[in-house]
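Enquirer: Sequence first, predicted model second:
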Amino acid sequence: MKILTTPAMNRCIGCHSCSLACARLVHGRLSWDTAGIRIRSSGGLTTGFTAAHCLACSPPTCAAHCPTGALVPRRGGGVTVRRKLCIGCGECVVACPVDAIFQHGAEIFVCIHCGRCVQFCPHHCLALEERDTNRVEASP
Amino acid sequence: MIRDHFRVLVVDLGRGRGRIEEVDGRDSVAGGSGLAAMLFARYGSADRPWDDPGQPLIFAIGPLTGLFPLMSKTVCAFCSPYLDQYTESHAGGRSALALRFADLDGLVITGHAPTLSCLVVGSRTLAVEDVHFMAGMDVLESGKLLRSMFGGSGHRSILRIGAAGEQGVAMSCINADTYRHFGRLGGGAAMGVKNLKAIVVLGDAVFDLPPGRTYADLFSRVYGLVTATGMMTKYHNLGTAANLASLNKIRALPWRNLQATSDAAITGVSGERFAEEALLRNSACSGCPVGCIHVGFVREQFMAAHRYLLKQVAYDYEPIFSLGTMLGITSAFAVLDVLDQVERSGLDAMSAGVALAWATEATEKGVIGERETIVRLRFGDRDGYCRAVQALAGAENDFYRLLGRGTLHAAREYGGEEFACVLGQEMAGYATGEVFFVSQSQGFRHSHLDSGGYSYDQQHAERDVQAAVDFLVRDEAERCVLTSMVSCLFARSVYSRDLLGECLQSLGCPGLASGLEALGPRVQRMRWQLRIQTGFSPGSVAIPKRFYRLSNWKGAIDPAYLEELKGAYGRAIMALAGGGKSG
């Protein structure tokens, strides 16, 4: 199973094309937030941008905290969301150690590792890769 | 998801309160420039001066903002402190998408805050916060502090002013997200006079998109046009700084207060030199994959034992012209040093550079001296200019107070009007000829972006007054369509009228799509009517003698052609505006 990785975030220019693509194509929304990948600026010494997204932890902490079984561990890491089971309690949002889950109303938004955002990154910061190769360099 | 009306937040800073208003007119004016003009007609006054607390500061986005690539600009409209007339200034950064996600088509700010304040707006937020402790704080430090005070990292826009705006300097800007600016005609002072140090826009709303594939497929096609074809290559590569070598080659690049139009020293400040030696990284406006923002670096040794600090400064063609070639500075790092000072103080880089270029020549000619300029001004002297920038932003004496109102104000008092490089406001960097000089001096924003006059000069050898005027009027109207959507004008070759129509159709806006032909002239007329009602007269804008005595690759400027063109364009403006009557 492939997962979304961010091997070259130091190339990011902060255009938000990835998160807007996820919101548009996966969730049918226009938003900075309702997406499985969200871009933040990082000031300080390094400057640039960081991506908040699911790191495909296995076993996933969020699933363990979900009281209704709406988050199902996914083969290869991360979770699959069963929307009908989700009650919007937000326990997963709090549980995620990397702030990868966003809640809007009773809905949660987390990366499903579909890779649809990847083609919209103009600087090839993102990749969809097999888990054991997630440290390779991004294509130029 | 595009409403058939506008959702506008009207804030009264004096009371710290606001109200949402639903304003009709979507199919008529679209948004952006059209909406801003409509809102100024509604909330502003042609009879009151720019610093009247009732005059509004307006921010407007368009129907396509955030919905297609490069629909990423915001129109800021206000009564200009520089002109005391209605004007617009445009910027990107995250401002446009933040307003979209704050669920606002327009933001109208009126009144005067009791203390230096920061306005915070979002889809569920309205607050006027006291920030008196930020008085005099520079733009970059203000940004750092504001980022720590308010949440929403990466999903917000922070607009703020520096000392220049607080002092009411007419050539002050509004900084947008550190690397972009509502630069020209005094937006900073329009904010400062309201006791408004900053505006934080939180982009926290979520909208449903139309079902089906039509919109998403069209987005992908447009995305391909701006990233996979050569249409945006210039901006993606060297950026606008590529123009430096090109214009120098055709002897159309102003040097040392336009005393020359070409110089072999261009190699030190060309776009290529900046990219090779000083480019640190690129950045982008939200919603734009082109990433035309070029962030340069310069380090400064502030102490012995190799102690350095690092400055990160975004550069473009215009600030390199105004603070580089115009000031005789021929090192990329020195340009960035002066530009960093300008950025911190919140001055408009173009106006400040051109004003100081005039002051330097005036010094050389003995018109003024150190009593006026505080520091001796010499072309090429980085340190002197860094000090002068501080003095200009702080309005430190009578001379700088006058200069900050515009170069011609100082020139009228001290002398040297004939070599003031002012075309309605301090010139943009195009010594291309008669059409550009007339276009900027008479243009709506006195901007090189009002219409492509500089391009027309380069493509037409003939001196046909009517053809040139027809072009300027037609091109301005076309640009009004784009600035009502609100597109970045770098995408003007991408967004044909047909493609804009498709975009609007895909979002379920047939009325807007079918009305594009009439939109441009309508918005153009509305803006000119406001400008004229607030005092503009084409005949009142003089073109200083220096512009009549230039030579470039086409030969010497033709004074008779320039005069004839100026008169004809002025008459055309009055005619299209219906003599300034509203309606």
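Expert: Right, received. Where do you want to start?
Enquirer: which one is residue 16 nearest to, not counting chain neighbours?
Expert: Going with chain A. Of all residues not flanking A:His16 in the chain, B:Ser286 sits nearest, at 4.8 Å (CB to CB, 6 or more residues apart in numbering or on different chains). Bear in mind the C-beta positions are built from the backbone N, C-alpha and C, glycine included.
Enquirer: Not quite, go with chain B.
Expert: Here the residue nearest B:Gly16, using CB to CB, 6+ apart, is B:Val128, at 4.1 Å.
Enquirer: Is the one you found part of a helix or strand, or is it coil?
Expert: strand (DSSP: H, G, I helix; E, B strand; the rest coil).
Enquirer: For chain A, what lies in contact range of chain B?
Expert: A:13-17, A:20, A:23-25, A:28-34, A:38-41, A:43, A:47-49, A:104, A:120, A:122-123 (CB under 8 Å from any CB of the partner chain).
Enquirer: And the residues you listed, which of them are buried?
Expert: Among these, the ones that count as buried by 16 or more other CB atoms under 10 Å in any protein chain shown are A:13-17, A:20, A:23-25, A:28-34, A:38-39, A:41, A:48-49, A:104, A:120, A:122-123.
Enquirer: So which of these sit within strands?
Expert: A:Arg29, A:Leu30, A:Arg38, A:Ile39, A:Ser41, A:Phe49, A:His104 (DSSP state E).
Enquirer: What is the burial count for the residue nearest to B:Gly16?
Expert: 25 (other CB atoms under 10 Å in any protein chain shown).
Enquirer: and the residue nearest the centre of chain B, what is it in contact with?
Expert: Nearest to the mean C-alpha position of chain B, by CA atoms, centre = their mean, lies B:Gly183 at 4.0 Å. Listed by CB atoms under 8 Å, 6 or more residues apart in numbering or on different chains, the contact partners of B:Gly183 are B:Ser89, B:Ala91, B:Cys173, B:Asp348, B:Ala349, B:Met350.
Enquirer: Distance check, the third one against chain A.
Expert: Yep, that's B:Cys173 we're talking about. 21 Å (CB to the nearest CB, to the nearest Å).
Enquirer: Centre of the chain to the helix or strand containing B:Val438, how far?
Expert: Using DSSP states H and E, B:Val438 sits in helix B:434-442. For helix B:434-442, the separation from the chain centroid amounts to 17 Å (computed by CA atoms, centre = their mean, to the nearest Å).
Enquirer: Which helix or strand lies directly C-terminal to that helix?
Expert: Following helix B:434-442 in sequence, per DSSP H and E, is helix B:453-459.
Enquirer: touching chain A at all, the helix or strand following that next one?
Expert: Following helix B:453-459 in sequence order, the next helix or strand is helix B:465-485 (DSSP H and E). No: contact of helix B:465-485 with chain A is not found when judged by CB under 8 Å from any CB; the minimum separation is 15.5 Å.
Enquirer: Convert the C-alpha atoms of helix B:465-485 to CSV, please.
Expert: The C-alpha coordinates for helix B:465-485 follow below in CSV (Å, rounded to 0.1, in the frame of the first residue of the first chain):
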residue,chain,number,x,y,z
VAL,B,465,-2.4,59.2,-31.9
GLN,B,466,-5.8,57.7,-32.5
ALA,B,467,-4.5,54.2,-32.7
ALA,B,468,-2.5,54.6,-29.5
VAL,B,469,-5.5,56.1,-27.6
ASP,B,470,-7.8,53.4,-28.8
PHE,B,471,-5.3,50.8,-27.5
LEU,B,472,-5.0,52.4,-24.1
VAL,B,473,-8.8,52.7,-23.7
ARG,B,474,-9.4,49.2,-24.9
ASP,B,475,-6.6,47.6,-22.9
GLU,B,476,-7.7,49.3,-19.7
ALA,B,477,-11.2,47.9,-20.2
GLU,B,478,-9.9,44.4,-20.7
ARG,B,479,-7.8,44.7,-17.6
CYS,B,480,-10.9,45.9,-15.7
VAL,B,481,-12.4,42.5,-16.4
LEU,B,482,-9.5,40.7,-14.9
THR,B,483,-9.2,43.0,-11.9
SER,B,484,-12.9,42.4,-11.2
MET,B,485,-12.5,38.6,-11.1
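Enquirer: helices or strands up against it?
Expert: helix B:32-43, helix B:434-442, helix B:453-459, helix B:497-506, helix B:516-533, helix B:559-576 (3 or more CB pairs under 8 Å, 6 or more residues apart in numbering or on different chains; DSSP states H and E).
Enquirer: any chance of those helices in JSON lines, plus distance to B:Arg546 and mean pLDDT?
Expert: Converted to JSON lines, the helices and strands packed on helix B:465-485 look like this (distance: least, CB to CB, whole Å; pLDDT from 0 to 100):
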{"stretch": "helix B:32-43", "distance to B:Arg546": "31", "mean pLDDT": "98"}
{"stretch": "helix B:434-442", "distance to B:Arg546": "10", "mean pLDDT": "98"}
{"stretch": "helix B:453-459", "distance to B:Arg546": "17", "mean pLDDT": "96"}
{"stretch": "helix B:497-506", "distance to B:Arg546": "39", "mean pLDDT": "97"}
{"stretch": "helix B:516-533", "distance to B:Arg546": "26", "mean pLDDT": "98"}
{"stretch": "helix B:559-576", "distance to B:Arg546": "12", "mean pLDDT": "97"}
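Enquirer: Of all those, which one comes closest to chain A?
Expert: With CB to the nearest CB, the closest approach to chain A among the helices and strands packed on helix B:465-485 belongs to helix B:497-506: 12.0 Å.
Enquirer: Show me how far the closest one is from its chain's centre.
Expert: 27 Å.
Enquirer: contact partners of it?
Expert: B:2, B:63-64, B:67-68, B:210, B:214-215, B:218, B:222, B:481, B:485, B:495, B:510, B:512-514, B:516-517.
Enquirer: out of all of them, which helix in chain A is the longest?
Expert: Looking across chain A with DSSP state H, the single longest helix is helix A:17-25.
Enquirer: Just the mean pLDDT for that one, thanks.
Expert: For helix A:17-25, the mean pLDDT works out to 98.
Enquirer: From the contact counts, what lies against it?
Expert: Looks like helix A:17-25 contacts strand A:29-30, strand A:37-41, helix B:214-227 (3+ CB pairs under 8 Å, 6+ apart).
Enquirer: Filter the contacts of helix B:497-506 down to the buried ones, PyMOL style.
Expert: Applying 16+ other CB under 10 Å to the contacts of helix B:497-506, the buried members can be selected in PyMOL as follows:
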select buried, chain B and resi 2+63+64+67+68+215+218+222+481+485+495+512+513+516
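Enquirer: about what we covered before: worst mean pLDDT among the helices and strands packed on helix A:17-25?
Expert: Mean pLDDT, when computed for each of these, is lowest for strand A:37-41, at a mean of 93.
Enquirer: Strand partners (parallel or antiparallel) of it?
Expert: Looking at strand A:37-41 with DSSP bridges, its partner strands are strand A:49-53 (antiparallel).
Enquirer: Show me what counts as buried in the next helix or strand after the partner strand.
Expert: Next along the chain after strand A:49-53, taking DSSP H and E as the criterion, comes helix A:61-65. Neighbour counts over helix A:61-65 (16+ other CB under 10 Å) mark A:Cys62, A:Ala63, A:His65 as buried.
Enquirer: Present those as JSON lines; the columns should include distance to B:Ala96.
Expert: JSON lines is the format used below for these (distance: CB to CB, whole Å):
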{"residue": "A:Cys62", "distance to B:Ala96": "33"}
{"residue": "A:Ala63", "distance to B:Ala96": "38"}
{"residue": "A:His65", "distance to B:Ala96": "37"}
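Enquirer: so which of those residues comes closest to chain B?
Expert: Nearest to chain B among the buried residues of helix A:61-65, with distances taken as CB to the nearest CB, is A:Cys62, at 20.7 Å.
Enquirer: Would you mind giving me the confidence score for B:Ser153?
Expert: 86.
Enquirer: actually B:Tyr235, not the one I wrote
Expert: 84.
Enquirer: which residues does the residue most central in space within chain A contact?
Expert: Against the mean C-alpha coordinate of chain A, by CA atoms, centre = their mean, the closest residue is A:His53 at 2.8 Å. By CB under 8 Å, 6+ apart, A:His53 lies in contact with A:Leu4, A:Thr6, A:Gly36, A:Ile37, A:Arg38, A:Ala100, A:Cys111.
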